[in-house]
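Peer 1: sequence? don't have it. structure:
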């Protein structure tokens, strides 16, 4: 993938440009990857997230893929459906907000030790703006973890994401982070190989500079 011009609005067009609030008004109490990938992500997060840290789970739903036995100081979830968020047993607080319509986070600077985006980055129409906001609300050396697979709602995923391969998705997320500034040590890990017969699983991780 050549370096894309992330200021080009055509890259972030979707087949369905209706308000996202309409699409997500009905709760979807489903896991968006198979159980194998979900467990692999939970295990990885358990090893990498700061113990007893304050965690921000962006674009959350009824599951956060966090290890069941973890004891974080707080887990704040943002999502698009109040019912889904209320069913999430991991969250200590939650709020509904459309990040594509309002790409700012309602938190003070340096509020969290880590941020998660699980299986949803492909829906962001202003990803660089959101990454800047994440850098703002992370504490020094705080970490960002963006997990993705090959599953998506095709009518809501942005055009640039759908034009990329799995390997190019890691480069694209890296480009979001580089354009946002404020991040260092950007790296990608493949946790589950799609050739194994299970859903593929990748995580792009970065640290607040």
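Peer 2: Arrived safely. What you see is a predicted model; the values in this text were computed from it and never measured.

Peer 1: and the helices in this structure, which stretches?
Peer 2: Along the chain, counting by DSSP state H, helices occupy 20-23, 35-48, 82-86, 127-137, 159-162, 166-180.

Peer 1: poorly predicted segments of the protein, please.
Peer 2: Scanning the chain for pLDDT under 70 picks out 1, 29-30.

Peer 1: which parts of it are strands?
Peer 2: 54-60, 74-79, 93-96, 112-118, 138-148, 183-192, 201-208 (DSSP state E).

Peer 1: redo these as a markdown table? Include mean neighbour count and distance to residue 163.
Peer 2: (Each C-beta comes from the backbone N, C-alpha and C, glycine too.) Shown next, in a markdown table, are the strands of the chain (neighbours: other CB atoms under 10 Å; distance: least, CB to CB, whole Å):
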| stretch | mean neighbour count | distance to residue 163 |
| --- | --- | --- |
| strand 54-60 | 23 | 21 |
| strand 74-79 | 22 | 27 |
| strand 93-96 | 14 | 30 |
| strand 112-118 | 25 | 20 |
| strand 138-148 | 21 | 15 |
| strand 183-192 | 15 | 18 |
| strand 201-208 | 22 | 17 |
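
Peer 1: so can I have a markdown table of those strands showing distance to residue 126?
Peer 2: A markdown table is the format used below for the strands of the chain (distance: least, CB to CB, whole Å):
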| stretch | distance to residue 126 |
| --- | --- |
| strand 54-60 | 13 |
| strand 74-79 | 15 |
| strand 93-96 | 18 |
| strand 112-118 | 14 |
| strand 138-148 | 15 |
| strand 183-192 | 17 |
| strand 201-208 | 18 |
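
Peer 1: most tightly surrounded among the helices of the chain?
Peer 2: Among the helices of the chain, the stretch with the highest mean neighbour count (mean count of other CB atoms under 10 Å) is helix 127-137, at a mean of 21.

Peer 1: ok, and what's touching that one?
Peer 2: With contact meaning CB atoms under 8 Å, 6 or more residues apart in numbering, helix 127-137 is reached by 6, 12, 56, 58, 99, 103-105, 107-112, 115, 121, 124, 144, 176-177, 179-183, 208-209.
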